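Chemist: Model the structure of this input:
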Amino acid sequence: MTLKFVVMSDLHLVGHGETSMSLDTAGRLEQAVACVNDRYADADFCIIAGDLADLGEAEAYHRLRDITGRITIPTYITLGNHDDRPTYLSVFGDHHADETGKVNHVIDAKGYRVIVLDSSEPGRVDGVLTEEQMDWLRARLAEASGRPVIVVLHHNANALHIEADTIKLQDDAPFIAALKSHDDVRQVIAGHVHLTSTAMYHGIPFTTLAGGHYSVSFNADQPRTPFRSLTGPGQMAVVLGTPHSTTVLFEDFIDGNAVIGVHTPDA
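Modeler: Predicted coordinates:
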């Protein structure tokens, strides 16, 4: 029995007739939704990991609700630094916030616990997990003793040695300590930085996906050097979990590659 789920991030939706960084972000999200429904309709669920709206405006959240309403598998949403929590809740309903006041989720499926954390904080670009959230997280991890855990949030905690390290999750020591209280954290998956990365941080696997907006180039370990903004890929993560392994694949639902063949596995 294999757990299978999709992670989207960094949608940056805007109002009708508008673009973000010259990109039609609603059109890109529609392509992502079509990809999920066509290729991953057998997945257990989809998570959208923040930066839903570019400017946090109500019209963008109405577009989000309309477009993601077409996803044929259960969908869980959390927020990023571009989002406005009160406006999001005014469109999606106050019940989307939990007792911490943030938009967190717990998903138990096929022997796994998946924890979705809202790392956004009003007025900040970097990520914050409040004391209330840390208490909540520790309790949810304790409940999952003996089961593998995957955590999904908007902000990366680990440094990537690029300019974006100034806006990662701040004061991550309590977060790391909480994760290390559980003996089987398989992945911590984030968006935010608009690029794909993998890392081990304090012995825990961390991953970022490029997401649905523009992507960035980088100069490794030269954080003060210029970087380029790129139109692609539009990327989602596909996570596969068995009792003994957890794999994160990357589906570029928008890319610049021509299809040169379709290969059918032997019957």
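Chemist: which residues does the nearest residue in space to Met200 that is not next to it in sequence form a beta bridge with?
Modeler: Of all residues beyond its chain neighbours, the one nearest Met200 is Phe206 (7.3 Å), with distances taken as CB to CB, 6 or more residues apart in numbering. Every C-beta, even on glycine, is put in place using the N, C-alpha and C of the backbone. Each beta-bridge partner of Phe206 is listed here: Val188, Ala199, as defined by DSSP bridges.
Chemist: Surely Phe206 touches Ala190?
Modeler: Yes. The pair Phe206 and Ala190 qualifies as a contact (CB atoms under 8 Å) at a distance of 7.3 Å.
Chemist: any common contacting residues for those two?
Modeler: Contact with both Phe206 and Ala190 is made by residues 156-157, according to CB atoms under 8 Å, 6 or more residues apart in numbering.
Chemist: of the two, who's got more company?
Modeler: Each of Phe206 and Ala190 has its neighbours counted (other CB atoms under 10 Å); Ala190 has more, 29 against 20.
Chemist: Can you tell me the closest non-neighbouring residue to the more buried one?
Modeler: Distances taken as CB to CB, 6+ apart place Asn156 nearest to Ala190, at 4.2 Å, with adjacent residues excluded.
Chemist: And that neighbour, how close does it get to Asn219?
Modeler: Computed as CB to CB, to the nearest Å, the Asn156 to Asn219 distance reads 18 Å.
Chemist: These two: which has the busier surroundings?
Modeler: Taking other CB under 10 Å, Asn156 and Asn219 do not tie; Asn156 has more neighbours (27 against 13).
Chemist: in the stretch 1-150 of the chain, which spans are helices?
Modeler: 25-39, 58-68, 85-92, 131-143 (DSSP state H, counting those that start in this stretch).
Chemist: quick one: Ala159 is in a helix?
Modeler: No. Read with DSSP: H, G, I helix; E, B strand; the rest coil, Ala159 is coil and lies in no helix.
Chemist: Quick check on it: phi, psi?
Modeler: The phi and psi torsions at Ala159 (degrees, to the nearest 10) take the values phi -70, psi 140.
Chemist: how much space between it and Gly127?
Modeler: Taken as CB to CB, the spacing of Ala159 relative to Gly127 amounts to 13 Å.
Chemist: In this structure, which residue is most central in space?
Modeler: For the chain, the residue lying nearest the average C-alpha position, counting by CA atoms, centre = their mean, turns out to be Ala49 (3.0 Å).
Chemist: And the pLDDT for the closest residue in space to that one that isn't next to it in sequence?
Modeler: The shortest distance from Ala49 to any residue other than its chain neighbours is 4.1 Å, reached at Ser9 (CB to CB, 6+ apart). The model reports Ser9 with a pLDDT of 98.
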